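In: build me a structure from this.
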Amino acid sequence: MPSQSVGIIYKYRHKPAKTQARKLEKWLTQRNVTVYSEEMEVRDSLEGPFEERSSIPTDVNWVVVLGGDGTLLGAARKVGRFGVPILGVNLGGLGFLTGIPLNRLYSVVELLLAGKLQVEQRILLEARIVPGGKEAHRFQVLNDMVINK
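Out: Got it, this is the predicted structure:
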């Protein structure tokens, strides 16, 4: 099996997310996977610029997001534009985008490592607010957006 590298992005100041990130990092390292880990800042998960910076290299094989939908959306702004597959692990309540429950994390990651999962394609949309011909705001969103007067 060729060497793989994985990014882990976890929810800001969320002790269970940080604990799970450390456990997953150790588990992956034991399987000779290179791991890059990053805590999602609050501002990153709520709103952010079109191209947010990340310490996760652009050439990782995939990214695991530990948190909820907000954390996943922030992670998508950071690494989605590089075409990196993202696995969303739900650590909270109802998760529409974070479809993997924590109790299935390792079995799903085993399938990922073996190349036995199919990636579901999503689209990133760009929205710009341009009053008077001058760009005032630019947003990147995953899958859909709502425009309201």
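In: and stretch 66-86, what's buried?
Out: Neighbour-count burial for stretch 66-86, counted by 16 or more other C-beta atoms under 10 Å, picks out 66-80, 84-86. The C-beta positions use only the backbone N, C-alpha and C, and glycine is treated the same way.
In: that stretch: how far from the chain's middle?
Out: Taking C-alpha atoms, centre = their mean, to the nearest Å, one finds the center of stretch 66-86 at 3 Å from the center of the full chain.
In: end-to-end on that stretch?
Out: With C-alpha to C-alpha, to the nearest Å as the measure, stretch 66-86 spans 11 Å from end to end.
In: now residue 41: closest residue in space that isn't a chain neighbour?
Out: Using C-beta to C-beta, 6 or more residues apart in numbering and skipping residues adjacent in sequence, the residue nearest residue 41 is residue 12, 5.4 Å away.
In: what does the pLDDT read for the spatially most distant residue from the centre of the chain?
Out: Farthest-out residue of the chain from its mean C-alpha position, per C-alpha atoms, centre = their mean: residue 132, at 34.8 Å. If you check residue 132, the pLDDT there is 91.
In: also residue 6?
Out: pLDDT at residue 6 comes out at 95.
In: A helix includes it, no?
Out: No: membership of residue 6 in a helix is not supported by DSSP: H, G, I helix; E, B strand; the rest coil, which gives strand.
In: so it bridges to which residues?
Out: residue 35, residue 62 (DSSP bridges).
In: and it, how far from residue 107?
Out: In this view, residue 6 and residue 107 are 16 Å apart by C-beta to C-beta, to the nearest Å.
In: give me the subset of the buried residues of stretch 66-86 lying in strands.
Out: 66, 67, 86 (DSSP state E).
In: once you drop chain neighbours, what's closest to the second one?
Out: Right, the one you point to is residue 67. Closest to residue 67 by C-beta to C-beta, 6+ apart is residue 11, at 3.3 Å.
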